[in-house]
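>>> Sequence plus predicted model, see below.
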Amino acid sequence: MSHLVDITEISAVVAAAGVLVGVIYYIVDMRHQSRSRRTDSFWRILSTFNSKEYLEAIMTVFSLDFRDYDDFTSKYGDLLSGKCTVGVPISMVGNLFEGAGFLFHNGLMEYDTVNQFPVIFTWEKMKVIAEGARKAGFSGMWVEFEYLYNEMKKRTEVSVAKSLVSAQAA
């Protein structure tokens, strides 16, 4: 009879070990899939940022010269009217960063990924346009882009502060 108990106990231990191995495999596989998705997302975004169309659009945006929203509309036209001469490049750039901001805000993109792109410089160039469009009635204009900028700015300031502390300590 004791052999029967031993076999039952052994089979229970083997079954539990099998479940444990299955759980460990599942966790490892999920981590691998998560890394694969993040890598795939990064390469998709990078390919967009390196596309000819996007590079032309961002060069157009960076070359714009305006003081405020009124100056912008007098030179290039009202962005919301559809008669803006630079509406497509501005929209391409703003909307791409808006999407990146949405992904970052919802935990679908890592800081290290978005930190590869000129978020701060681009928002500072386009902020006047977003604020003017918001005042003109488009209240949702690039709110996730602005969120992304604010998060990147905070992290950059923290990083700079840490560097200064380290330099002073050395």
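Perfect, I can see it now. Residues are numbered from 1 along each chain as shown.
>>> could you give the mean pLDDT of the helix ranked longest in the chain?
Across the chain, the longest stretch assigned as helix under DSSP state H is helix 2-49. Here helix 2-49 scores 74 as its mean pLDDT.
>>> what do you get for stretch 71-79?
pLDDT averaged over stretch 71-79 gives 93.
>>> And it, what's buried?
Buried residues in stretch 71-79, counting neighbours by 16 or more other CB atoms under 10 Å, are found at 72-73, 76, 78-79. (Each C-beta comes from the backbone N, C-alpha and C, glycine too.)
>>> For the residue nearest to Glu56 when sequence neighbours are not counted, give me its contacts.
Ranked by CB to CB, 6 or more residues apart in numbering and with sequence neighbours excluded, the top spatial neighbour of Glu56 is Pro89, at 7.1 Å. Counting by CB atoms under 8 Å, 6 or more residues apart in numbering, Pro89 touches 56-58, 60-61.
>>> Show me the buried residues of stretch 71-79 that map onto helices.
Taking DSSP H as the definition of helices, the buried residues of stretch 71-79 contribute 72-73, 76.
>>> I'd like those laid out as CSV, including distance to Glu131.
As requested, those are exported to CSV (distance: CB to CB, whole Å):
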residue, distance to Glu131
Phe72, 11
Thr73, 13
Tyr76, 16
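>>> ok, of those, which one's closest to Thr48?
Taking CB to CB as the measure, Thr48 lies nearest Tyr76 of these, at 24.0 Å.
>>> does that closest one really touch Val61, like I thought?
No - counting by CB atoms under 8 Å, Val61 is not a contact partner of Tyr76; they are 10.8 Å apart.
>>> Give me the common contacts of those two.
Val86.
>>> on that earlier part again, tell me the one of the ones in helices among the buried residues of stretch 71-79 nearest Lys153?
Closest approach to Lys153 among those (CB to CB): Phe72, at 22.6 Å.
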